[in-house]
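Asker: Got a predicted structure plus its sequence, pasted below:
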Amino acid sequence: MSNSTSDQSDRKEQAPASSSRRNFLKGTGLAVGGLIVGGVAGNLIRPSTKNEPSPSAPSSPEVAEPVAVNYNQALMYFSQEQFKIVEAATERIFPKDDQGPGAQELGVAYFIDHQLAGQWGTNGREYMSGPFFAGETTQGYQGHLRRREIFDIALREMQNYSNEKYKKDFPKLTPEEQDAVLKAFESDEVKLTTISASGFLRTLITSTMEGVYADPLYGGNTSMDGWKMKNYPGTQMSYTDIIEKPEFVKIQPASLRDHMAQ
């Protein structure tokens, strides 16, 4: 046997122990560093979970269904104080009864707020330059003030009158006291600067009824309940499927928003 052959045999016999351990780990499936663990050693370090039931996840408490939020009910012009006055006043004009909800539930104050924030509130489509003359009672206000300015003046005076007579803000008055304040406006007992109290009240009454029966898209008539009280079908695109039926057909009301979503 040559010396080279003898040297190779000696190197095999003298292989370091670390090489043998490395071969063992590879054979058993246990990788250095713990990245792969298998074989007998792997079972000792990480017991097999095969055929074993997985631990059940901890039960979480039932979460209630989220309540639908009407994001159209957001103030665009009124302050919080003004909004509360209008909400209370319109509820007295159109109160809740056994026939259905009142102005507050129908979101009438939001409707008025949105109208004042737009062109109606700024008289955007009306001639507003002088000269100005006192108009007839049937003509309404004839002057330079915008509707939003009229509301600002009247609501402030409604609060002042309530505090002067009852020592409380208008929204905190009893329903009977609120009615008395509104009647004082109706009779012009309350004196307003540049406008008449009765003229403002007529505008408020008209706006209240519009908020009760307008399309919900504009902020009032929540859930179309104003229409439902009148069996009014709302904004229907067509009646061709029922127009020739001899019997009366009650239709679920539809809003402009319903047609936009289609």
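Answerer: The structure has been received and is ready for your questions.

Asker: Could you list the low-pLDDT ranges of the stretch 51-200 of the chain?
Answerer: 51-71 (pLDDT under 70).

Asker: Would you state the helices of it in chain order?
Answerer: 80-93, 108-117, 119-122, 147-166, 175-186, 197-213 (DSSP state H, counting those that start in this stretch).

Asker: now, of these, which is deepest in the fold?
Answerer: helix 108-117 (a mean of 26; mean count of other Cβ atoms under 10 Å). Using the backbone N, CA and C atoms, a C-beta is placed for each residue, glycine as well.

Asker: now that helix and helix 80-93, what's the angle there?
Answerer: Here helix 108-117 points in a direction 120 degrees away from that of helix 80-93 (axes from the mean of the first three to the mean of the last three Cα atoms, to 10 degrees).

Asker: First-to-last residue distance for stretch 136-146?
Answerer: 19 Å (Cα to Cα, to the nearest Å).

Asker: Buried residues, that stretch. List them.
Answerer: Across stretch 136-146, burial judged by 16 or more other Cβ atoms under 10 Å covers 141, 145-146.

Asker: swap in stretch 243-253?
Answerer: Pro253.

Asker: Now do the end-to-end distance for that stretch.
Answerer: 16 Å.

Asker: List the contacts of it.
Answerer: 224, 227-228, 231-234, 236, 242 (Cβ atoms under 8 Å, 6 or more residues apart in numbering).

Asker: Thr208 contacts Ile93, doesn't it?
Answerer: Yes - taking Cβ atoms under 8 Å as the definition, Thr208 is a contact partner of Ile93 at 4.6 Å.

Asker: list residues touching both of those two?
Answerer: Shared contacts of Thr208 and Ile93, counting by Cβ under 8 Å, 6+ apart, come down to Ala103.

Asker: Of all the helices of the stretch 51-200 of the chain, which one comes closest to Gly135?
Answerer: helix 197-213 (9.6 Å; Cβ to Cβ).

Asker: Give the next helix or strand downstream of that closest one.
Answerer: helix 225-230 (DSSP states H and E).

Asker: Show me what the mean pLDDT comes to for that following helix.
Answerer: Confidence over helix 225-230 (mean pLDDT, whole number) is 94.

Asker: one step back: now neighbour count and distance to Gly118 too, for the contacts of stretch 243-253, in CSV please.
Answerer: Formatted as CSV, those follow (neighbours: other Cβ atoms under 10 Å; distance: Cβ to Cβ, whole Å):
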residue, neighbour count, distance to Gly118
Met224, 22, 22
Trp227, 22, 22
Lys228, 15, 26
Asn231, 10, 30
Tyr232, 14, 24
Pro233, 15, 26
Gly234, 19, 22
Gln236, 13, 26
Ile242, 12, 35
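
Asker: TSV for the residues you listed, including distance to Asp152?
Answerer: As requested, the contacts of stretch 243-253 are exported to TSV (distance: Cβ to Cβ, whole Å):
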residue	distance to Asp152
Met224	31
Trp227	31
Lys228	34
Asn231	38
Tyr232	33
Pro233	37
Gly234	33
Gln236	38
Ile242	47
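
Asker: just to revisit the earlier point, nearest to Gln73, of the helices of the stretch 51-200 of the chain?
Answerer: Closest among these, using Cβ to Cβ: helix 108-117, at 4.8 Å.

Asker: Distance from the chain centre to the closest one, please.
Answerer: Taking Cα atoms, centre = their mean, to the nearest Å, one finds helix 108-117 lying 15 Å from the centre of the chain it belongs to.

Asker: other SSEs contacting it?
Answerer: The helices and strands touching helix 108-117, judged by 3 or more Cβ pairs under 8 Å, 6 or more residues apart in numbering; DSSP states H and E, are helix 80-93, helix 147-166, helix 197-213.

Asker: Sounds good, over and out.
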